[in-house]
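>>> Here is my input; please provide its structure:
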Amino acid sequence: MMKLSKKLMIPVLGASLLMPTIANAEEAKPTAVTKASDLRANLDSLLSEHFTLAVAAMTTAYDGSKDADAAFKALDQNAVDMEPAIASIYGDKGAAEFERIFREQNNYTDDFVKATKENDKEAMAEVDKEVDQFVNEFAKFLSTATEGKLPEDAAKEALRVHEDQVKETFEDYVEGDYEAAAKTYREGYQQMFAISKALSNAIVTQMPDKFDNTKVILSITEFIKRIQAEHLSILAAFRNLSEKALLTPTHLKLVTM
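Numbering: from 1, shown residues only. As a prediction, this is how the structure comes out:
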């Protein structure tokens, strides 16, 4: 496999500021076959965008890029953009609490970058504690909101994996292991769809009438959109490398169709 250099890794972490708009443009207005599936399509788009922007914010800040401020603003805006979707289900009060918890996690993103640049182990440990607090608080909120349809332990595990993948991608990048960073980036991106699936299923199970008693179904159209979104992100990041060196068999099949 070709070695992945920082020069080739940087585009996804700077150009990714644009990727949510490019990759998810068609997902802005869900075209799924049921109301329940529309919910999942919305969450898929918002949560995958969150992961992309979280990684971009950390790496651009670490590099001292001129895009760093824009990255953090985009990450914060993503949290704000989730409020209408949550308000439509749990009302303004529930949405406000969702936004408060979800948005606050972005604060320690910058703290961890600064601690890493200064090699401040104590500060890193403090950020780890804040991450644990977020995971516990948000998991409890989601479980309570869904009346246990999303069990707290399951929510906690999914959130923990997400936080670890963001951190691991960043640490691999800092260490110069760009192949590992690219691998974890893809895994972390896919994890957001698993979270979306679990949360949308829990909400639909909790409120079947609100979704016309339909089920969360991933249509072939939405599946293709998802693959295309990830594919565009990868190509933007690693456009000078062989596709065969970076893409999974699924991606290669789509490329050669």
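>>> So which elements touch the helix or strand hosting residue 45?
If you go by DSSP states H and E, residue 45 is part of helix 35-63. With contacts defined as 3 or more CB pairs under 8 Å, 6 or more residues apart in numbering; DSSP states H and E, helix 35-63 has these neighbours: helix 6-14, helix 19-23, helix 68-104, helix 107-117, helix 152-175, helix 178-206, helix 220-237. Yep, even glycine has a C-beta here, placed from its N, CA and C like the rest.
>>> Now do the buried residues in the third one.
For helix 68-104, the neighbour count (16 or more other CB atoms under 10 Å) marks 68, 71-72, 74-76, 78-79, 82-83, 85-87, 89-90, 94-95, 98-99, 101-103 as buried.
>>> Next: the fourth one.
The neighbour-count check on helix 107-117 (16+ other CB under 10 Å) flags 108, 109, 110, 112, 113, 115, 116 as buried.
>>> can you list those residues in a markdown table and add distance to residue 38 and pLDDT?
Below are the buried residues of helix 107-117 laid out as a markdown table (distance: CB to CB, whole Å; pLDDT from 0 to 100):
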| residue | distance to residue 38 | pLDDT |
| --- | --- | --- |
| 108 | 32 | 84 |
| 109 | 30 | 86 |
| 110 | 34 | 88 |
| 112 | 35 | 94 |
| 113 | 36 | 94 |
| 115 | 40 | 95 |
| 116 | 39 | 95 |
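>>> where does the stretch 101-250 of the chain dip in pLDDT?
The stretch 101-250 of the chain contains residues with pLDDT under 70 at 217-250.
>>> hmm, try it at 80
213-250 (pLDDT under 80).
>>> Centre-most residue in the protein?
Residue closest to the mean C-alpha point of the chain, counted by CA atoms, centre = their mean, is residue 51 at 2.5 Å.
>>> just checking, it touches residue 192?
Yes - contact criterion CB atoms under 8 Å: residue 51 and residue 192 qualify, at 4.9 Å.
>>> Find the residues that touch each one of those two.
Taking CB atoms under 8 Å, 6 or more residues apart in numbering as the criterion, residue 51 and residue 192 both touch residue 162.
>>> Ramachandran angles for residue 212?
Dihedral pair for residue 212: phi 60, psi 30, per degrees, to the nearest 10.
>>> Please tell me how far the residue lying closest to it once chain neighbours are set aside sits from residue 149.
Closest residue in space to residue 212, ignoring its immediate chain neighbours: residue 35 at 5.3 Å, by CB to CB, 6 or more residues apart in numbering. Residue 35 is 17 Å from residue 149, where distance means CB to CB, to the nearest Å.
>>> and residue 148, helix, strand or coil?
Put simply, residue 148 is coil when judged by DSSP: H, G, I helix; E, B strand; the rest coil.
>>> mind listing what it touches?
No contacts exist for residue 148 under CB under 8 Å, 6+ apart.
>>> Number the chain from 59, please
Got it, the first residue is 59 from now on, which makes the last one we talked about residue 206.
>>> And for residue 110, the neighbour number?
The local packing of residue 110 (other CB atoms under 10 Å) involves 28 other residues.
>>> Where does residue 195 sit, in terms of helix or strand?
Per DSSP H and E: residue 195 is located in helix 179-203.
>>> Now do that helix and helix 126-162, the angle between them.
50 degrees (axes from the mean of the first three to the mean of the last three CA atoms, to 10 degrees).
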